[in-house]
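1. this is the structure alone, sequence omitted:
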Ligand code: 13P
């Protein structure tokens, strides 16, 4: 299928109370494992890209890999830009064929975050693609952004309501609810009450950032509470490296590169399929 916008995909997930897996791709092999893993389970999926990955490979190669892979399967696939505060990168992604983008103005004061998010909202609405925006400060490391544990800030409910009122067609809203990017060092303190209060007042699907390492019960509660997009990056990177390196340990004399790439692909795909099942989106493509 051609790439689609995240908005209708996530509206369906919100209504059906399941989560769409949103994986941060690394290269072609990784994008293939994400799309083919989801396709094997007939699940919609989001391939998202960190800004440094876009800068590394370039706009056109990523759009063409993901577009080509999406065209070869029968599930809805969206190509999304993850955490970006640079309008120029966002514009170039839109021009290259991305079907949604995230503007991350969470480091800005409320008024500036709103004003800049609104500028991008106008662009995405004109282009017919989806927008994700963030409020509060999600902890941990994602791309080049680091938010220390003591600087992570839960989103403010009144701010969230005022912010989303200005952008009723936001594809997905990312309030900080206590999850964090990277491997958790302790038990995450998820603000389920805040999530419930936000979804009681805002009819926009919610993005759950910091998916790596959450337990099934935590996924279940967040998805039941309105999270329709579940982000996974750190575990995907781990599978990418270990899938390759483990085979080197197992067969140190192997000189052919393709078995390494296959081993890496299988490790990433296994994790994608496990998460698709965990989020309840298996069988939901075209539902
Ligand atoms: P993890 O790296 O914790 O999986 O989080 C991914 C994410 O939220 C990307 O924005």
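-> Thanks, I have the structure now. In this text, all values refer to a predicted model and were calculated from it rather than measured experimentally.
2. hey, what's the spatially closest residue to residue 90 that is not a sequence neighbour bridged with?
-> Of all residues not flanking residue 90 in the chain, residue 101 sits nearest, at 5.0 Å (CB to CB, 6 or more residues apart in numbering). Placement of C-beta: from N, CA and C, glycine included. Applying DSSP bridges to residue 101 gives these bridge partners: residue 81, residue 131.
3. residue 101 against residue 125, yeah?
-> No - contact between residue 101 and residue 125 fails when scored by CB atoms under 8 Å: they sit 11.9 Å apart.
4. so between these two, which is more surrounded?
-> Between residue 101 and residue 125, counted using other CB atoms under 10 Å, the more crowded position is residue 101 (28 against 13).
5. overlap in contacts of residue 101 and residue 125?
-> Both residue 101 and residue 125 are contacted by residue 131, under the criterion CB atoms under 8 Å, 6 or more residues apart in numbering.
6. residues of the stretch 101-250 of the chain that sit close to the ligand?
-> Proximity of the stretch 101-250 of the chain to the ligand (CB under 6 Å from any ligand atom) is limited to residues 142, 181-182, 209-212, 231-235.
7. could I get the residues you listed as CSV with pLDDT?
-> CSV is the format used below for those (pLDDT from 0 to 100):
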residue, pLDDT
142, 69
181, 88
182, 91
209, 97
210, 96
211, 97
212, 97
231, 98
232, 98
233, 98
234, 97
235, 98
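8. quick one: residue 259 from residue 244, how far?
-> 10 Å (CB to CB, to the nearest Å).
9. with neighbour numbers in mind, choose between these two.
-> residue 244 (17 against 12).
10. neighbouring contacts of stretch 242-251?
-> Residues contacting stretch 242-251 (CB under 8 Å, 6+ apart): 254, 259-261, 263-268.
11. which of the residues you listed are buried?
-> The neighbour count (16 or more other CB atoms under 10 Å) marks 260-261, 263-265, 267-268 as buried among the contacts of stretch 242-251.
12. what about the spatially most distant residue from the centre of the chain, distance to the ligand?
-> Distance to the chain centre peaks in the chain at residue 253, reaching 37.5 Å (criterion: CA atoms, centre = their mean). Distance, residue 253 to the ligand, by CB to the nearest ligand atom, to the nearest Å: 34 Å.
13. before we move on, what about residue 130?
-> Taken as CB to the nearest ligand atom, the span from residue 130 to the ligand is 15 Å.
14. now swap in residue 186 and tell me
-> Distance, residue 186 to the ligand, using CB to the nearest ligand atom: 14 Å.
15. what about that residue, distance to residue 286?
-> From residue 186 to residue 286 the distance is 40 Å (CB to CB).
16. what are the ranges of the strands in the stretch 1-150 of the chain?
-> Residue ranges of the strands in the stretch 1-150 of the chain, as given by DSSP state E, counting those that start in this stretch, are 20-24, 45-49, 77-84, 100-103, 130-135, 139-142, 145-147.
17. whoops, I mixed them up, the stretch 151-287 of the chain
-> Here the stretch 151-287 of the chain has its strands, by DSSP E, counting those that start in this stretch, at 172-175, 180-181, 206-208, 227-232.
18. which residues are in contact with the third one?
-> So the one you mean is strand 206-208. 19, 22, 132, 172-175, 177, 179, 195, 198-199, 219, 222-223, 225-231.
19. for the closest residue to residue 116 other than its chain neighbours, give its distance to residue 90.
-> Among residues not flanking residue 116 along the chain, residue 105 sits closest, at 4.9 Å (CB to CB, 6+ apart). Separation of residue 105 from residue 90 (CB to CB): 11 Å.
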